[in-house]
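> Build the 3D model from these lines:
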Amino acid sequence: MGESVEVTVSYLGGFRSLTGTSRESLLLPPGTTVAQVVEHLAAHYGEDFTRKVWESERNLAPFCKIFLSNREIAAADFDQPLPPKSQLEFFLVHAVMGGSGRL
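Numbering: from 1, shown residues only. Okay, the predicted model is just below:
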């Protein structure tokens, strides 16, 4: 049996207020994927969290960015097993509006 996966999850932008924390640590079974971490967090934080992450099944919401060890990852890569010590960051980018539209 492999080594457990220790994941440090950071919440940036709107995810911080949504989860009520800026960081948490998870100890998960070997072979855990990003998709499984997202499912775990969605079950814990509920429908609001899920809507902020997913636009539809396996399509990230337009303003959600997920980083693995400081590199942005696409939903297509979510089925790759995580290394034993991983850092995931969830960033909710808010659209900026306003201004005249002239430069």
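> can you pull the contacts of Val38?
Val53, Ile66, Phe78 (C-beta atoms under 8 Å, 6 or more residues apart in numbering). Placement of C-beta: from N, CA and C, glycine included.
> Spell out the residue ranges of the helices in the chain.
For the chain, the helices defined by DSSP state H occupy 14-19, 34-45, 47-53.
> out of the ones you listed, nearest to Glu72?
helix 34-45 (11.8 Å; C-beta to C-beta).
> Spatially, what comes nearest to the residue nearest the centre of the chain if we skip its sequence neighbours?
The centre of the chain sits closest to Phe90, judged by C-alpha atoms, centre = their mean, with a distance of 3.8 Å. Sequence neighbours aside, Phe15 is the residue nearest to Phe90 in space, at 4.5 Å (criterion: C-beta to C-beta, 6 or more residues apart in numbering).
> Leaving out chain neighbours, which residue sits closest to Leu68?
Leu88 (5.9 Å).
> so what pLDDT did that neighbour get?
With respect to pLDDT, Leu88 scores 91.
> That one contacts Phe67, correct?
Yes: between Leu88 and Phe67 there is a contact under C-beta atoms under 8 Å: 7.0 Å.
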